[in-house]
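Chemist: Sequence plus predicted model, see below.
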Amino acid sequence: MRFPLLCTHNPRMALITLNQASLAYGHHPLLDNTDFSLEEGERIGLIGRNGTGKSTLLKILNRTEALDSGTVQYQQGLRINYVAQEPIFDEHKTIFEVVSDGLSELLKCIEDYSNGSGDMDELFNRIDTLGGWGWEQKVEQSLEQLRLNGKLTIGTLSGGTLKRVALAQALVCTPQVLLLDEPTNHLDLESIDWLASLLTEFKGSAIVITHDRSFLDKVTTRIVELDRGRLRSYLGNYSQFRVNKEAQLAQESVINAKADKLLAQEEIWIRKGVEARRTRSVARIARLEELRAQRQSRREAVGKVKLNVDSGNRTGKIVSELENVSLSFGERCIVKDFSSIILRGDKIGLLGPNGAGKTTLLKLILGSLEPDAGTVKFGTQLQIAYFDQMRGALNLDDTLENFISPGSEWIEIGDQRQHVKSYLGDFLFSPARANSPVRSLSGGERNRLLLARLFARPANVLVLDEPTNDLDIETLELLEELLENYKGTVFLVSHDRAFLDNVVTSLIAYEGDSKWREYEGGIQDWLVQSRRTGKSSALTGVPKGQISANHLPSNNQLELSSAAASHAPSPPSTSGSTLKKKLSFKEQRELDSLPAQIEILELEQKEIAQLIEDGSIFTTDPKRASELLSKSTQIESDLLTLLERWEALSAKS
């Protein structure tokens, strides 16, 4: 059955068409008799659970893997380039040589023509078709566009720079189609922003696999979800997809109501996951604001106690206290005169470009490194768990159940006891998979399993170093929920903007010249505050004099801050040394009225849901049903607008 909210547009010009495609590994179908087409000028975001076959689909479209049945049709002469998750190059080659490999067919034709090998007229025409004789200039232009030094060798490059080399190699032959598998992994915030601009200006078509929701919102014109072997299309970016997906899931759940008892736990979660995790609901925003307010009040209270109590008497409320801390490695200063008080329950994000020293600062805060100057004092009874250290701890021959709880069927978390199969279910592993070997899991599923073990161990401080890499969007939202409910302290290093905004209560941001500063709130709060102080270096690269081949300088470094700040409240005027934030009378009245408006829309949405709940309206009055679904979609869009306005005014006040 075709759902009314799914994308059903007529193709303008199909570059690639997938017909009745099927592919299975063992009894697990990755593609189940499904169809798909890529049109000219489209930028598609390919999403879906880990292990569903997204990367395999890209390889099929790239002609490097084959279907079990069905067909893939290509426009004649179509030029496709594929950039893998982890590009592999000869580490002894220079960047110029590797990028030139992207013109291998052209170079071979030029060589044959120069040697007089083959049909000279045919070779001449082929060379002309592939871009002519100025191939060195094409390579130099590609290097300039990607801001790469062609003389550097591959073995000296970071993961983020290798991604840019792979993109340069893919773009140098002017492809009509780009296939990108997790292109934002290993990139810092500025590089991710730069890549989004590159793709939006790209003249061809693109299919991108990524978990970065902000990136999807900026880049995509259509979302395609790989769900239980079928490909479903939704016009618009990721935010529009969420709205349409909720309505489609509601309709699908009605149709499948009689079969629900027969579905496995994971498939039930698939249908309920999105509607159960509306990340921008009033309750969720209010909860995060409350956490941030509580944190600020606790910090003030600790500050007052500190004035009256000897510095040696520290309570369990304090995790770490840093005063004028500095640290250098050789001639390079990483941290200069940094002070902060980290409290129990804080959820702190570290923000800065690759190479700025986020991991080093974390080690200072938690005592793994000693400062050159200043003092660090630690709280009592700290139990620290590191996510990055656990990534190498997988025993591939172990079962999921034994990996989580060796020798026992039960897990004790705090004062609660839970069966290991039930606990695995909380992390989206069905009971049937509890005895499967770890090696049967995809990369993203292994990360999810590591998170499950992390939360099963007693710890009051969590250090999560890039936990979002290789995780699907549904798992990201689950992790956000887990961290919101976690009672301990969290340190989070991530370049996923939406993830940081949904989790952290404060940010420690890099501001250039080895300086770090703490800000209350998330990314959007930081953008507003840093705009007022003229600080935005956490998105603008390492300081002058510290830029290496692994760092990406930019000509439009403040573009993100300016764009975000244009939607933020204007900075208030200053009077003497006092800076006040104040709503106008009109704004205050608007803020006061917003909760009632939101409540009215939510009640109307609930009434619509009740009308379509039993599904009979789709049979008795399909026109009315379609109108109700359209109305529900419009209400969701209006709610998002009101919520964003409420959040902006609340932040300003």
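Modeler: Received, thanks. Remember, it's a predicted structure, so these values are computed and weren't measured experimentally.

Chemist: quick one: contacts for residue 120?
Modeler: residue 113 (C-beta atoms under 8 Å, 6 or more residues apart in numbering). All C-beta atoms are positioned from the backbone trio N, CA, C, and that covers glycine.

Chemist: correction: residue 460
Modeler: Taking C-beta under 8 Å, 6+ apart as the test, what residue 460 contacts is 344, 381, 382, 383, 487, 488, 489.

Chemist: what does residue 493 give?
Modeler: For residue 493, counting by C-beta under 8 Å, 6+ apart, the contacting residues are 349, 350, 358, 359, 362, 464, 465, 466.

Chemist: Got a PyMOL select line for the buried ones in the contacts of residue 460?
Modeler: Restricted to buried positions by 16 or more other C-beta atoms under 10 Å, the PyMOL selection for the contacts of residue 460 reads:
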select buried, resi 344+382+488+489
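
Chemist: Using TSV, lay out the contacts of residue 460 together with pLDDT and secondary structure.
Modeler: Converted to TSV, these look like this (pLDDT from 0 to 100; DSSP: H, G, I helix; E, B strand; the rest coil):
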residue	pLDDT	secondary structure
344	86	coil
381	80	coil
382	83	coil
383	83	coil
487	82	coil
488	86	coil
489	90	strand
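
Chemist: ok, residue 40 touching residue 205?
Modeler: Yes. With contact defined as C-beta atoms under 8 Å, residue 40 counts as touching residue 205 (6.1 Å).

Chemist: out of the two, which sits in the more crowded spot?
Modeler: Per other C-beta atoms under 10 Å, whichever of residue 40 and residue 205 has more neighbours is residue 205, with 23 against 15.

Chemist: what residues do residue 40 and residue 205 have in common as contacts?
Modeler: residue 15.

Chemist: Where does pLDDT dip in the stretch 501-650 of the chain?
Modeler: 531-583, 585, 613-616, 618-619 (pLDDT under 70).

Chemist: quick one: the most centrally placed residue in the chain and residue 629, what's the gap?
Modeler: In the chain, the centroid-proximal residue (C-alpha atoms, centre = their mean) is residue 212; its distance is 2.5 Å. Going from residue 212 to residue 629 by C-beta to C-beta, to the nearest Å gives 29 Å.

Chemist: which parts of stretch 150-168 are buried?
Modeler: 150, 152-154, 157-158, 160-168.

Chemist: Tell me which two of those sit farthest apart.
Modeler: 153 and 167 (18.2 Å; C-beta to C-beta).

Chemist: what's the closest residue in space to the residue nearest to the centre of the chain that isn't next to it in sequence in contact with, if anything?
Modeler: Spatially, and ignoring its direct neighbours in sequence, residue 212 is nearest to residue 184 (4.8 Å; C-beta to C-beta, 6 or more residues apart in numbering). Under the criterion of C-beta under 8 Å, 6+ apart, the neighbours of residue 184 are 192, 195, 210, 212, 215, 495.

Chemist: what helix or strand is the fifth one on?
Modeler: Using DSSP states H and E, residue 215 maps to helix 213-219.

Chemist: what does that helix contact?
Modeler: With contact meaning C-beta under 8 Å, 6+ apart, helix 213-219 is reached by 43, 45, 47, 184, 192, 195-196, 199-200, 206, 208, 210, 223, 237-239, 473, 476, 496-498.

Chemist: How is the residue nearest to residue 212 classified with respect to secondary structure?
Modeler: coil (DSSP: H, G, I helix; E, B strand; the rest coil).

Chemist: same thing with the one 3 residues further on?
Modeler: Per three-state DSSP, the local secondary structure of residue 187 is coil.

Chemist: If I look at residue 51, what pLDDT would I see?
Modeler: If you check residue 51, the pLDDT there is 77.

Chemist: Can you read off the backbone torsions of the nearest residue to it once chain neighbours are set aside?
Modeler: The shortest distance from residue 51 to any non-neighbouring residue, by C-beta to C-beta, 6+ apart, is to residue 442 (3.8 Å). Dihedral pair for residue 442: phi -70, psi 170, per degrees, to the nearest 10.

Chemist: count of neighbours near residue 442?
Modeler: Residue 442: 17 surrounding residues under other C-beta under 10 Å.

Chemist: That one and residue 50 touch, don't they?
Modeler: Yes. Using C-beta under 8 Å, residue 442 makes contact with residue 50 at a distance of 4.9 Å.
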